[in-house]
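Participant: fold the stuff below for me.
(one chain, ligands or ions: 4)
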Amino acid sequence: MRRNPVMRLGDLASTEIPLAPDAAAVEITGLTADSRAVQPGFLFAALKGVAADGVRFAPEAVKRGALALLCATDSSLAEDPGVPVLRAEDPRIALAHFAARFYPRQPEKLVAVTGTAGKTSVAVFARQIFAAAGFGGASIGTIGVVAPWGAEYGSLTTPDPVELHATLDRLAREGVTHAALEASSHGLDQHRLDGVRLVAAGFTNLGRDHMDYHPTVEDYFAAKMRLFAEILPEGATAVIDADGPYAESVATIARDRQQQVVSVGAAGEGIRLISMTPADLHQVLKLDVFGESMEVDLPLAGGFQASNALVAAGLAVAAGIAPAAAIAALADLEGAPGRLEKVGITPSGGAVFVDYAHKPDALDHALAALRPMTRGRLIVVFGAGGDRDAGKRPLMGEVASRRADVVIVTDDNPRSEDPAAIRAAILAAAPGAIEIGDRRRAIAEAVSMLREGDVLCVAGKGHEAGQIVKGVVHPFSDHEAVSDAIARGVAA
Ligand SMILES: CC(=O)N[C@H]1[C@@H](OP(=O)(O)OP(=O)(O)OC[C@H]2O[C@@H](n3ccc(=O)[nH]c3=O)[C@H](O)[C@@H]2O)O[C@H](CO)[C@@H](O)[C@@H]1O[C@H](C)C(=O)N[C@@H](C)C(=O)N[C@H](CCC(=O)O)C(=O)O
Ligand SMILES: Nc1ncnc2c1ncn2[C@@H]1O[C@H](COP(=O)(O)OP(=O)(O)OP(=O)(O)O)[C@@H](O)[C@H]1O
Ligand SMILES: N[C@H](CCC[C@H](N)C(=O)O)C(=O)O
Ligand SMILES: [Mg+2]
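Facilitator: Ligands and ions are numbered 1, 2, ... in the order given. So this is what the prediction gives:
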């Protein structure tokens with residue numbers, strides 16, 4: 001394994017935090033905000049979080065060998081820690097900048113995407129366009145880090161700043177020149193992306209999500225807008241899906257920062273969608289691409305995938321890919337795993353899709369995309385995650401009832417909550433829905449209902465490989481549950 005780099009504390013803090021000469025000379029071998037991950041020679045950043053205040057763990061960090069502490073100006077340490085203490089107005093910002101100095105390399109052409117839905121899809125599409133244009137592309141987000149040599153699972157959409165900068169440095173060292181990353185609102189709000197050097201940033205859309213974390217929609221939008229207002233530099237490119245209600249507000253923020261605005265979609269001025277002709281699992285897009293007419297057969301279903309593909313193409317062009325090459329690459333796109341992915345067909349002639357819709361707008365778009373492929377009934381199986389925005393539960397119940405013919409409410413990741421209470425909140429807005437808590441059984445039941453021309457959408461968990469119940473992750477895959485149910489049906 002590669003040894004960690006070593007850096008003097010004075011170089012890490014740069015001019016941001018002045019240090020006495022003996023403190024500046026201390027050699028740091030790693031950074032972390034988690035006392036449990038401290039190794040000898042590390043700097044420990046004591047951050048105030050949602051659940052705990054990191055200063056509580058400072059003594060433990062020092063015991064494990066931390067040689068310096070970073071904390072807030074107003075943090076009170078219980079005792080003299082015996083190592084240099086660096087104080088910053090906002091230690092999360094300082095930590096991200098330290099991480100950017102400690103891990104200095106980044107892919108030259110780095111792009112990021114934010115929005116309520118579509119980030120993972122846009123990031124993986126951008127990576128595929130980079131690869132088609134002959135560059136080793138990578139993507140970082142909900143499905144982990146995907147590099148030319150393989151994929152690694154990651155638990156957060158936007159990794160913490162130390163992991164993010166370490167990953168970017170590693171990718172750059174291993175020859176990745178083009179990469180796309182997902183910027184979640186939590187990540188932006190918690191300064192996980194500060195210090196990344198972007199050539200372009202994309203915005204997909206804004207809908208309801210994370211109202212447990214953000215007090216208002218304005219606060220949620222403002223967190224997302226940090227990407228354009230603070231992280232994307234002046235003169236860089238903002239690629240905006242013009243078809244949503246927030247597009248103009250995003251464009252105004254970008255223009256105020258002298259960024260080049262490339263709008264895409266039916267109302268787009270850079271890449272305009274002239275027409276979209278959907279067929280079973282693909283769609284022909286006629287486009288005006290910076291004044292030139294182009295046509296491409298996108299091998300993905302759903303109007304929203306066309307929107308995502310155009311945002312990805314806009315980002316790729318901003319990163320230097322020729323427009324014609326970027327659009328041509330759309331003809332070979334593969335969807336992100338578990339995003340409106342067709343996973344099977346029953347002997348009776350029903351089709352089964354797995355989708356990651358776990359918020360109202362996403363569920364609405366996913367079911368709307370499946371309706372044209374449905375000659376019989378549209379059936380949906382879904383739930384809602386525990387310890388997350390509870391307000392979205394009835395909204396999802398309402399969407400499912402309106403869009404589907406048969407609604408089965410089941411468990412998603414209940415986490416610490418009572419799963420029956422989560423289901424009840426959904427069912428309150430889904431009259432006539434069937435309740436089957438056990439997700440495997442709900443999927444089996446739905447599969448057994450399928451007749452010729454029916455379509456089943458198993459929504460909410462997409463690529464996930466486990467179900468989180470009371471802190472324990474039980475192996476679970478919607479893909480496997482569907483395949484098993486189909487196989488059992490064949491055997492029966
Ligand atoms: C609510 C939230 O975003 N929490 C994230 C945040 O934790 P926090 O700072 O609030 O942590 P805390 O538990 O209060 O602890 C405070 C500090 O004490 C430290 N600590 C804690 C315990 C200990 O023994 N020693 C120790 O040093 C913690 O490392 C932390 O620095 O910062 C941590 C480090 O970056 C994250 O791991 C953690 O993500 C939690 C696990 C999480 O579930 N986050 C989700 C909601 C999230 O971020 N999701 C977004 C969006 C998903 C989407 O696309 O919709 C994502 O980007 O994944
Ligand atoms: N542009 C879009 N507009 C509306 N819904 C979309 C769009 N793109 C994707 N979706 C829906 O959202 C689901 C998740 O898509 P994707 O993973 O690309 O988004 P995301 O923003 O990364 O989500 P998350 O924040 O959960 O990681 C899809 O399975 C689909 O149901
Ligand atoms: N990144 C999202 C994923 C939610 C996935 C869904 N299956 C759930 O558990 O709610 C989150 O952590 O809120
Ligand atoms: Mg994602």
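
Participant: interface residues of the chain facing ligand 3?
Facilitator: By the rule Cβ under 6 Å from any ligand atom, the part of the chain lying against ligand 3 is 157, 358, 385, 388, 412, 413, 460, 461, 464. For glycine as for every other residue, the C-beta is placed from the backbone atoms N, C-alpha and C.

Participant: so what's the residue lying closest to the fifth one once chain neighbours are set aside up against?
Facilitator: The reference is to residue 412. Nearest residue to residue 412, sequence neighbours excluded (Cβ to Cβ, 6 or more residues apart in numbering): residue 383, at 3.8 Å. By Cβ atoms under 8 Å, 6 or more residues apart in numbering, the contact set of residue 383 is 409, 410, 411, 412, 419, 422, 423, 426, 439, 460.

Participant: give me that answer again for 6 Å
Facilitator: By Cβ atoms under 6 Å, 6 or more residues apart in numbering, the contact list for residue 383 reads 410, 411, 412, 460.

Participant: what do you get for residue 242?
Facilitator: By Cβ under 6 Å, 6+ apart, the contact list for residue 242 reads 263, 265, 267, 268.

Participant: make it 7 Å
Facilitator: By Cβ atoms under 7 Å, 6 or more residues apart in numbering, the contact list for residue 242 reads 263, 264, 265, 267, 268.

Participant: likewise for residue 180?
Facilitator: Going by Cβ under 7 Å, 6+ apart, residue 180 touches 111, 113, 123, 126, 127, 139, 315.

Participant: okay, now the unreliable bits of the stretch 151-300 of the chain?
Facilitator: 208, 210-211 (pLDDT under 70).

Participant: who in it is up against ligand 2?
Facilitator: Counting by Cβ under 6 Å from any ligand atom, the stretch 151-300 of the chain comes close to ligand 2 at 157, 182, 204, 205.

Participant: those residues also near ligand 4: which ones?
Facilitator: With the criterion set as Cβ under 5 Å from the ion, the members of those near ligand 4 are residue 157.

Participant: ok, and the most crowded of the residues of the stretch 151-300 of the chain next to ligand 2?
Facilitator: Neighbour counts for these peak at residue 204, which has 28 neighbours (criterion: other Cβ atoms under 10 Å).

Participant: how much space separates the closest residue to that residue other than its chain neighbours from residue 108?
Facilitator: In this structure, residue 204 finds its nearest non-sequential neighbour in residue 115, 3.0 Å apart by Cβ to Cβ, 6+ apart. Residue 115 sits 24 Å away from residue 108, taking Cβ to Cβ, to the nearest Å as the criterion.

Participant: who has more neighbours, the two?
Facilitator: Shown here are residue 115 and residue 108; by other Cβ under 10 Å, residue 115 has more neighbours (27 against 15).

Participant: go ahead and confirm the more buried one touches residue 209.
Facilitator: No: between residue 115 and residue 209 there is no contact under Cβ atoms under 7 Å: 10.0 Å.

Participant: pipe the contacts of residue 383 into TSV and attach pLDDT, secondary structure and neighbour count per row.
Facilitator: Shown next, in TSV, are the contacts of residue 383 (pLDDT from 0 to 100; DSSP: H, G, I helix; E, B strand; the rest coil; neighbours: other Cβ atoms under 10 Å):
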residue	pLDDT	secondary structure	neighbour count
410	98	coil	26
411	98	coil	23
412	98	coil	23
460	98	coil	28
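
Participant: and those residues, which is closest to ligand 4?
Facilitator: Lowest distance from ligand 4 to the contacts of residue 383 (Cβ to the ion) belongs to residue 460, with 13.3 Å.

Participant: contacts only, for the closest one.
Facilitator: By Cβ under 7 Å, 6+ apart, the neighbours of residue 460 are 357, 358, 382, 383, 412.

Participant: need the single longest helix in the chain, by residues.
Facilitator: For the chain, the helix with the greatest residue count under DSSP state H is helix 303-318.

Participant: okay, the next helix or strand after that one in PDB with CA atoms only?
Facilitator: Going down the chain from helix 303-318, the next helix or strand is helix 323-329, by DSSP states H and E. Output of helix 323-329 as PDB, limited to C-alpha atoms (Å, rounded to 0.1, in the frame of the first residue of the first chain):
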ATOM      1  CA  PRO A 323     -20.200  18.600 -29.100                       C
ATOM      2  CA  ALA A 324     -20.700  16.000 -31.900                       C
ATOM      3  CA  ALA A 325     -18.700  13.400 -30.000                       C
ATOM      4  CA  ALA A 326     -20.600  14.100 -26.800                       C
ATOM      5  CA  ILE A 327     -24.000  13.600 -28.500                       C
ATOM      6  CA  ALA A 328     -22.800  10.600 -30.500                       C
ATOM      7  CA  ALA A 329     -21.700   9.000 -27.200                       C
END
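
Participant: next SSE downstream of helix 323-329?
Facilitator: Reading on from helix 323-329 to the C-terminus, the next helix or strand found by DSSP H and E is strand 341-345.

Participant: what's the closest non-adjacent residue to the closest residue to ligand 3 within the stretch 101-250 of the chain?
Facilitator: Relative to ligand 3, the nearest point of the stretch 101-250 of the chain is residue 157 (5.3 Å; Cβ to the nearest ligand atom). Distances taken as Cβ to Cβ, 6+ apart put residue 184 closest to residue 157, at 4.1 Å, once the chain neighbours are dropped.

Participant: the one you found - how many residues pack around it?
Facilitator: For residue 184, the neighbour count with other Cβ under 10 Å is 22.

Participant: the nearest residue to residue 72 once chain neighbours are set aside and residue 80, how far apart?
Facilitator: In this structure, residue 72 finds its nearest non-sequential neighbour in residue 91, 5.3 Å apart by Cβ to Cβ, 6+ apart. Going from residue 91 to residue 80 by Cβ to Cβ gives 19 Å.

Participant: and for residue 157?
Facilitator: Counting by Cβ to Cβ, the separation of residue 157 from residue 80 is 39 Å.

Participant: report the residue ranges of every domain in the protein.
Facilitator: 7-89, 109-332, 341-491 (the TED database).

Participant: most packed of the ones you listed?
Facilitator: Mean neighbours per residue, mean count of other Cβ atoms under 10 Å, is largest over these for domain 109-332, with a mean of 21.

Participant: if we ignore the residues flanking it in sequence, what's nearest the residue in the stretch 351-492 of the chain that ligand 1 sits nearest to?
Facilitator: As assessed by Cβ to the nearest ligand atom, ligand 1 sits closest to residue 388 within the stretch 351-492 of the chain, at 7.4 Å. In space, and not counting its chain neighbours, residue 388 is closest to residue 212: 5.9 Å by Cβ to Cβ, 6+ apart.

Participant: show the contacting residues for that neighbour.
Facilitator: Counting by Cβ under 7 Å, 6+ apart, residue 212 touches 388, 389, 390.

Participant: so how far is residue 411 from the closest residue to ligand 3 within the stretch 251-400 of the chain?
Facilitator: Of all residues in the stretch 251-400 of the chain, residue 385 sits closest to ligand 3, at 2.0 Å by Cβ to the nearest ligand atom. Taking Cβ to Cβ as the criterion, residue 385 is separated from residue 411 by 9 Å.
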